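Sequence first, predicted coordinates after that:
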Amino acid sequence: MSRTARDVVFVDGVRTPFGKSGKGLYAETRADDLIVRVIRELMRRNPGLPPERVDEVAIAATTQIGDQGLTLGRTAAILAGLPRSVPGYSIDRMCAGALTAATTAGAGISFGAYDVVIAGGVEHMGRHPMGEGVDPNPRIISEKLVDPSALVMGNTAENLHDRFPTITKERADAYAVRSQEKVAKAYADGKIQPDLVETLVRSAEKGFGLATQDEPPRPGTTMESLASLKTPFRAHGNVTPGNAAGLNDGATGTLLMAEEVAEELGLDARMRLVDFSFTGVEPEVMGVGPVPATEKLFARQGLTIDDIGLIEINEAFAVQVLAFLEHFGIADDDARVNPWGGAIAVGHPLASSGGRLMMQLARQFAERPDVRYGITTMCVGLGMGGTILWENTNYEGGK
Amino acid sequence: MSTAIEEARELFKDEVVTNAISRDVELPYGAGTAVLITLDNGHDHTKPNTFGPGGLLSLDSAIEAAKARTDIVAVAVTGKPFIFAVGADLTGVPALQNREQAEAIGKLGHDVFRKLGELDVPTFALVNGAAMGGGVEVALHCSYRTVSSGVPAFALPEAFLGLVPGWGGTYLLPNLIGAEKALKLIVDNPLAQNKMIKGKQVFEMGIADAIFEPADFVEESLRWAARVVKGDVTVERPEVDKGEAWDNAVNMARFVVEGKLHGAAPAPARAVELVAAAKTATRDEGFDAEDQALADLIMSDELKAGLYAFDLVQKRAKRPAGAPDKSLARKVTKVGVVGAGLMAGQLALLFARRLDVPVVMTDLDQDRLNKGVDYVHGEVDKLLKKGRVNQDKANHLKALVSGSLTKDAFSDADFVIEAVFEKMEVKQQVFAEVEAVVSPEAILATNTSSLSITEMASKLQHPERVVGFHFFNPVAVLPLLEIVRGDRTDDASLATAFATAKKLKKTSVLCKDAPAFVVNRLLTLFMGEVLAAVGEGTEPEVADRAVAPLGLPMSPLMLLQLVGPAVGLHVAETLHGAFPERFAVSPQLDAVVKAGKTAIFAPDLTIDPEVKELLKGGGSPSEEKEILDRALRAMAKEIRIMLDEGVVAEAADIDLCLITGAGWPFHTGGITPYLDKVGVSTEVNGKPFHEGAPKAF
């Protein structure tokens, strides 16, 4: 049987405000409640989509234990009140969880197996700290398969500074300050808020409350304030809590479908999934992952970095973004890169972050009909990178 | 704070305080800032929020703090997860010493709650979970209400316990949804085994203005509130009919209350009168009348009895006095039922549904056996039709229940209950046959209502496995199970019986192997006094009406008809055999049975003329008051004897049996609190059953 690949489009995305792990917004709120709120809001914002038309709910979480376990995609679908006929599953590719949910479920659409999918991710790093319950195979050490530093993300960031000596702590801090400034401006301009769904938070002490905006940003951050921060991963090192993303809680969801189905349902196709690639690198310098992943994609598509008008790159660490920019010869403050800031300011609830990159890129596309292509790209723990190439459906340059 | 409140707080010193915790929330759509008050007593949903003086004062400070602000656009109140609030904290109520304290509690509730309806900004109750009594009233005081479709229970149960919804309920609810619907919640439901409604009905009745699904109920409620604040949503409520409809509803309620209670319990009637007055009363007048009603009722013996009864069924029923350690209980994986009659069928259905194990019925006659199994299957079909079980479950239940002509089918059963003809030799024979096929440890249970367990077990190789397991008809309705220990019954068998009863969701009470155990002994005695009065020449209608002041669920002669004159006679004969000096056999009843009469009343509820003729007695009729008095005196005497004989552990168990096995009311606390109150206990026995207030423990 012959088949034709179908075009896959991004229709909508919603996320909870991100919180600080530990004593933050969601300290007493369950992870599954966060993703359920997101799924319900996606459905609510798209009344033209009959719930029974959702063919899959792919939800990512890095630590699939407790409220992030129990085949979260399916559990969340049931808890969200989707029809029992809607299936679901869980995905884990650490930080690139939601990104992988989108590529895997999206590929299923292209293949013809699905019409409509919900792809998202959630991470409650307060309830589930990184590394909770892991049991690394002793061969990893005995056969020196992976440098022990690869298991601690901060150490891999320090390693990256070693590999790229031109990326200094000052450059990393300057990048972080800009990220904070861009997020503050984007908030002031009302760019971020449309993607947020206000979310109930519980505290035994403070009662119920409503999360309405991201908790992590620190507007007014300066080079001076960053300079004094400790370098927890290495004495006199370069990586500080100020030039890295924090530990966060949050959930994101995106609605993807075949372009023809979006048309049938009268839903707005906001960007087209062109291609994606994942690539492995040495685990101890996992932050460099986006470079080969993006190069692989460009090689296949015959594109260069000059064809890309918008870049949403996850900011796990400033050094890792700078390594990417240095590779492609892009200035540290290039306007194409994270125009509304990034994870250093807004937070990085691991598996959920890919969803945020997508929904922000889609909104930027809408404002930039002159841009045809954009990418969402992330580095991934244990040495990987992942990149999705998106085409702006509002692109007018070709006309 | 007044002195009376100070005193009241002292009496509630063990109060688990429900804190009112305020937190600012940014409403969506730029509607502004609201104060969200969470009611939370710091425990999980198994210990729901209640309002004692401390909780009321906490809510008061939260409201006052909001009132002082000029930067907010709304105040919203919600509960903790799964629970909104379930009403007043009643633990300190029995300790209130005077009317002033009682009135202070009523006033305090009003003073705090009414502020929710009198702020400058709109107030919203977000009813996220179970709401009862004062919890419902908090919501009623708010300007608007949303309700979760997941709310499992919403009720004003005050009249059930002996109170009225006196923190605004009787005034606000009828003025919100009309007298007819309000009286359903305030009077009808409490008098119908304390029925509760669910979230969907709360919305449909117009009590809530909007309904949202539980998954993101508070968020969506706040969105709705934001739109109300902005004027994007206007709440339209149907106008309340303050004309004839109101009066008709009130008159109907008066009629129902009188018909059910005959003035025996003051609370429901008082509630009806408050609703009647709410038609024209001002807010202040309405609330003031509620304060007075609460003060009167809180000090009433009926409330004390009601709270005692509530503790009996809520707490004592869950920890049966004298039950052996539950770790001794053996597993029950298959049940045998000897017999295939109506009772056997009810038992088979109950065991299959609750234990979820195979149940085999036996009978010697194939036709009767088929009928028995068919009955169970038919009942399962009814459950299916009503949507109580789905098709898979119905298939499963039917497959669980089977019939067998021989008792070999019991060979792997670990619990066999007999429900055969009420004759000692027959039952002994049945048990001998069962013992021949089952394991030495299998429980042999008997549903006998009056025969001796010890004697029934006496000829068995393993008499220690025999227990009495006495259900009340209709089995699905009456919760009581009298569990009877024979002289040789061992702890493991008894523990298994209690564990099984728990799984069957029955209220079990341990009884000694005494004639007719508890309920039948007392009901027979009680009815015997009424029949004796008839025998002496009292008109049957007069005698039957004489005990109406107790407010029993049905009159003695109606009860006699329900159990069947022949069964009634049989039990009376058994008890007469055991205690001839206290239990008589009515020659009139004997004549009714001999005449083959199965009903006392004609279809129009007058006494069948032929029966009336058969009941005709001597020439010395009694007054109603005299009949009530002799019945109560006989009860008091008998209960004291039963306690001295050790039939049950305490008077509380007698009351628990009467409430759950005979439907005797809360306002009499079963019967012993009432006997104490009217002084009969002391008159007859020289001492009351309870020193001071009746105690469930």
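That came in fine, so what should we check first? Numbers count the residues shown, from 1 in each chain, chains lettered A, B, ... in the order given.

Could you report the pLDDT at residue B:90?
Looking at residue B:90, its pLDDT reads 87.

I'd like to know how far the residue nearest to it when sequence neighbours are not counted sits from chain A.
For residue B:90, ignoring the flanking residues on the chain, the nearest one in space by CB to CB, 6 or more residues apart in numbering or on different chains is residue B:307 at 5.9 Å. (Each C-beta comes from the backbone N, C-alpha and C, glycine too.) Between residue B:307 and chain A the computed distance is 30 Å (CB to the nearest CB, to the nearest Å).

Repeat that for residue B:534.
From residue B:534 across to chain A, the span is 63 Å (CB to the nearest CB).

surely that residue meets residue B:617?
Yes - under the criterion of CB atoms under 8 Å, residue B:534 is in contact with residue B:617, at a separation of 5.5 Å.

shared neighbours, these two?
Overlap of the contact sets of residue B:534 and residue B:617 (by CB atoms under 8 Å, 6 or more residues apart in numbering or on different chains) consists of residue B:588.

These two: which is more packed in?
Set residue B:534 next to residue B:617 and count neighbours by other CB atoms under 10 Å in any protein chain shown: residue B:534 wins out with 28 against 20.

which stretch of helix or strand covers that one?
Assignment of secondary structure by DSSP states H and E places residue B:534 within helix B:519-535.

sorry, back to before: quick one: contacts of the one helix or strand the residue nearest to residue B:90 maps to?
Using DSSP H and E, residue B:307 falls within helix B:301-314. The set of residues external to helix B:301-314 that reach it, using CB under 8 Å, 6+ apart, is B:90, B:93-94, B:160-163, B:265-267, B:297, B:507, B:652, B:655-656, B:659-660, B:665-670, B:673-674, B:677, B:693-697.

hmm, try it at 7 Å
Under the criterion CB atoms under 7 Å, 6 or more residues apart in numbering or on different chains, residues B:90, B:93-94, B:161-163, B:265-267, B:297, B:652, B:655-656, B:659-660, B:666-670, B:673-674, B:677, B:693-694, B:696 lie in contact with helix B:301-314.

next one: stretch B:513-524
Taking contacts as CB under 7 Å, 6+ apart, the residues outside stretch B:513-524 that touch it are B:449-450, B:452-454, B:468, B:470, B:472, B:480, B:482, B:484-487, B:509, B:511, B:559, B:571-572, B:574-575, B:578, B:583, B:635, B:638, B:645, B:647-648, B:654, B:657-658, B:661-662.

elements contacting the least confident helix or strand in chain A by mean pLDDT?
Of all the helices and strands that make up chain A, the one with the lowest confidence by mean pLDDT, DSSP states H and E is helix A:139-142; it has a mean of 91. Other elements packing on helix A:139-142 under the criterion 3 or more CB pairs under 7 Å, 6 or more residues apart in numbering or on different chains; DSSP states H and E are absent; no helix or strand qualifies.

Now the helix or strand following it: average pLDDT?
Sequence-wise, the next helix or strand beyond helix A:139-142 is helix A:153-163, with elements assigned using DSSP H and E. The predicted model gives helix A:153-163 an average pLDDT of 96.

Report the contact partners of residue A:300.
Contacts here follow CB under 7 Å, 6+ apart; on that basis residue A:300 touches residue A:275.

Which of the helices or strands spans it?
Assigned by DSSP H and E, residue A:300 falls within helix A:290-301.

Tell me how many other residues surround residue A:295.
As a burial measure, residue A:295 scores 18 neighbours (other CB under 10 Å).

need the contact list for it.
Counting by CB under 7 Å, 6+ apart, there are no residues that residue A:295 touches.

And it, how close does it get to residue A:280?
Applying CB to CB, to the nearest Å, one obtains 13 Å for the distance of residue A:295 from residue A:280.

again, but for residue B:418
Taken as CB to CB, the spacing of residue B:418 relative to residue A:280 amounts to 73 Å.

per-residue confidence for the closest residue to residue B:355 other than its chain neighbours?
Nearest in space to residue B:355, with sequence neighbours left out and distances taken as CB to CB, 6+ apart, is residue B:503 at 5.6 Å. Here the pLDDT value assigned to residue B:503 is 97.
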